[in-house]
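> got a structure for you, letters missing:
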Ligand code: BGC
């Protein structure tokens with residue numbers, strides 16, 4: 001998922017087991033409409049590669065590329081046919097603009113609400129798509145692309161947030177991945193559209209303009225959809241928020257969820273974005289800061305967007321005709337969506353690290369094969385074309401590469417950053433992760449074709465090298481976040497062999513505080529048991545040789561806890577009260 005610098009439910013589902021309601025048709029409708037945001041993101045990622053390979057587009061805006069690729073006038077190396085900084089800027093501008101607007105999106109979501117943010121995003125998209133489709137010169141093309149970027153910065157912040165707020169709590173995790181799935185479907189649709197219009201000289205106008213269709217879906221959605229209950233409550237309209245929640249859940253029995261939203265909203269309001277940034281810069285949160293920057297970096301340096309942005313161009317450079325290049329793109333995009341589905345279905349079973357480590361091996365092998373095949377085969381043919389058999393082989397290997405990327409760094413690049421932040425650093429941490437993702441997407445978009453020209457087949461080995469680095473990094477430094485309740489994140493880092501060194505002495509403080517808190521919670525739980533009249537049980541608990549000691553504080557089985565830091569009770573995990581928040585937030589709460 002993309003995701004903004006916002007918190008859906010800060011103190012996670014406090015009384016989740018008591019939530020009423022079901023997955024209503026209305027929620028499904030709401031989710032589908034707002035998922036148009038994911039489609040838009042994907043469509044705009046996928047559309048440019050096909051468009052830049054279209055003769056009509058090249059002739060109008062990039063005549064030098066047209067001469068090299070269509071007329072074959074110059075004797076440039078096949079690897080350099082598309083090497084043009086301005087052409088790359090066309091692709092990458094969107095991400096620079098997205099990075100810029102993502103910094104404002106969180107504040108807008110909070111102050112004006114989710115609907116207004118979606119509406120703004122849709123308008124920016126429509127404007128951008130219109131300018132691009134009607135572009136008469138490079139300026140119009142670039143301004144249009146920048147508007148799309150502004151729209152994406154907003155959409156990638158608000159849509160995942162909105163989805164997580166309207167969905168019943170047990171569907172929230174899946175929705176994170178659903179946004180990524182819609183993104184890949186958007187990329188696929190872009191490939192299909194490009195394939196469909198390739199024979200039409202002005203087909204690129206339709207390809208670029210069609211982004212407006214999804215934006216229109218988002219626009220209609222932003223008008224007819226309800227404001228999210230959280231946003232209404234956040235802005236003081238509690239009764240309206242309750243009414244929307246009742247409608248979304250299809251029941252009047254929403255008291256438990258209401259209570260949680262109220263508490264979470266109150267807690268979230270205790271931490272301003274500025275405070276969140278200040279905390280993220282302290283040593284105690286160093287792991288979160290580093291991971292928020294490095295995970296998006298690694299996601300982009302798998303080389304995925306070299307393929308997503310430029311795959312038609314790559315195949316065209318290797319000598320495939322336009323039609324074949326676009327067809328290969330569609331095949332690759334189908335694999336991308338199907339493999340993302342694998343992650344959606346299995347990530348909560350196998351965990352995040354499993355996919356990151358497995359994919360590391362798969363990506364390294366496939367990228368090395370592509371590099372070596374090109375190095376040994378390409379130079380052999382005078383006409384600058386790979387034989388069909390070799391091209392098919394390269395396509396198959398790229399598909400295997402795409403599959404691994406799509407079930408690993410693709411979704412995990414969004415999921416893991418969203419799971420490593422506690423309430424106090426989440427707004428800043430997620431803003432940084434979104435902005436870093438756009439920044440590194442910009443870097444790849446802006447440099448890949450030049451790298452291909454300069455490094456030739458070596459560019460695939462370059463990415464293979466980064467895959468080794470990120471896989472080692474994942475092995476040693478990315479903790480498993482599956483099933484870790486948000487309040488346990490600091491202790492997870494403080495007890496991590498390497499991260500604790502990065503954090504310094506503060507890690508020991510966190511461990512001590514956690515131990516003290518655990519003991520006092522345990523005592524409180526025992527007291528409650530006694531006060532509840534469970535005298536027999538209390539008596540048993542106080543008895544030294546009592547063989548049923550564990551009854552005193554029922555342990556909950558959480559995969560990552562160990563015997564040194566047992567949780568006091570189920571309630572304590574699902575119900576982080578103010579006292580159980582980190583001391584920093586409690587301090588803020590007092591200050592606030
Ligand atoms: C990445 C995009 C990428 C897409 C590919 C997303 O998670 O952020 O940059 O193009 O996956 O499926």
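Structure's in. What do you need? Just so it is clear, the model here is predicted, and its values are computed rather than measured.
> Please count neighbours and contacts with C-alpha atoms only from this point.
OK.
> Model confidence for residue 24, exactly?
With respect to pLDDT, residue 24 scores 77.
> looking at the chain, which helix or strand is least sure?
In the chain, no helix or strand scores lower on mean pLDDT, DSSP states H and E than helix 570-574, which sits at a mean of 29.
> For the ligand, give me its nearest residue in this protein.
Using Cα to the nearest ligand atom, the closest approach of the chain to the ligand is made by residue 410 at 3.9 Å.
> Do I have it right that that residue meets residue 299?
Yes: between residue 410 and residue 299 a contact is recorded at 6.4 Å, counting by Cα atoms under 8 Å.
> neighbour count winner among those two?
Higher neighbour count among residue 410 and residue 299: residue 410, with 28 against 24, using other Cα atoms under 10 Å.
> ok, now which ones touch the more buried one?
180, 299, 340 (Cα atoms under 8 Å, 6 or more residues apart in numbering).
> Now it: which helix or strand?
Residue 410 belongs to helix 409-419 when assigned by DSSP states H and E.
> what's the spacing between that helix and its chain's center?
Centroid separation for helix 409-419 versus its chain: 5 Å, with Cα atoms, centre = their mean, to the nearest Å.
> Show the average pLDDT along that helix.
92.
> Quick one: name whatever helix or strand follows that helix.
helix 426-455.
> Report the angle between the helix or strand just after that next one and helix 409-419.
Going down the chain from helix 426-455, the next helix or strand is helix 458-477, by DSSP H and E. Angle, helix 458-477 to helix 409-419, by axes from the mean of the first three to the mean of the last three Cα atoms, to 10 degrees: 30 degrees.
> helices and strands around helix 458-477, which ones?
helix 286-301, helix 352-377, helix 426-455 (3 or more Cα pairs under 8 Å, 6 or more residues apart in numbering; DSSP states H and E).
> now those helices as CSV including distance to residue 234 and mean pLDDT?
Listed next are those as CSV, based on distance: least, Cα to Cα, whole Å; pLDDT from 0 to 100:
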stretch, distance to residue 234, mean pLDDT
helix 286-301, 26, 97
helix 352-377, 32, 95
helix 426-455, 15, 92
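> Quick one: closest of those helices to residue 203.
helix 426-455 (22.6 Å; Cα to Cα).
> Now that closest one: buried residues?
426-453, 455 (16 or more other Cα atoms under 10 Å).
> Just checking the distance from it to the centre of its chain.
Helix 426-455 sits 13 Å away from the centroid of its parent chain (Cα atoms, centre = their mean).
> Contact residues of this protein facing the ligand?
Proximity of the chain to the ligand is confined to 45, 180, 184, 305, 308, 410, 411 under the rule Cα under 6 Å from any ligand atom.
> Domain map for the protein?
Per the TED database, the domain ranges recorded for the chain read 20-225+272-494, 496-529.
> which residues touch residue 266?
residue 234.
> In space, what's closest to residue 507 - neighbours in sequence excluded?
residue 494 (4.5 Å; Cα to Cα, 6 or more residues apart in numbering).
> Report the residue spans of the stretch 251-400 of the chain with pLDDT below the cut-off.
Applying pLDDT under 70 to the stretch 251-400 of the chain flags the ranges 379-384.
> Phi first, then psi, for residue 227.
phi -70, psi 150 (degrees, to the nearest 10).
> ok, it touching residue 113?
Yes: Residue 227 is within contact range of residue 113, at 7.2 Å (criterion: Cα under 8 Å).
> okay, now residue 349: neighbour count?
The number of residues near residue 349, taken as other Cα under 10 Å, comes to 10.
> so residue 279 makes contact with residue 288?
No: with contact defined as Cα under 8 Å, residue 279 does not reach residue 288; the gap is 10.6 Å.
> For residue 294, see how far away the residue nearest the centre of the chain is.
By Cα atoms, centre = their mean, the mean C-alpha position of the chain lies nearest to residue 414, the distance being 2.6 Å. From residue 414 over to residue 294 the distance is 12 Å, taken as Cα to Cα, to the nearest Å.
> what do you get for residue 118?
28 Å.
> Neighbour count: these two, which is higher?
residue 118 (29 against 19).
> so who does the residue lying closest to residue 198 once chain neighbours are set aside touch?
Leaving aside its sequence neighbours, residue 198 sits nearest to residue 54 (Cα to Cα, 6+ apart; 6.7 Å). Neighbour list for residue 54: 198, 204, 322 [criterion: Cα under 8 Å, 6+ apart].
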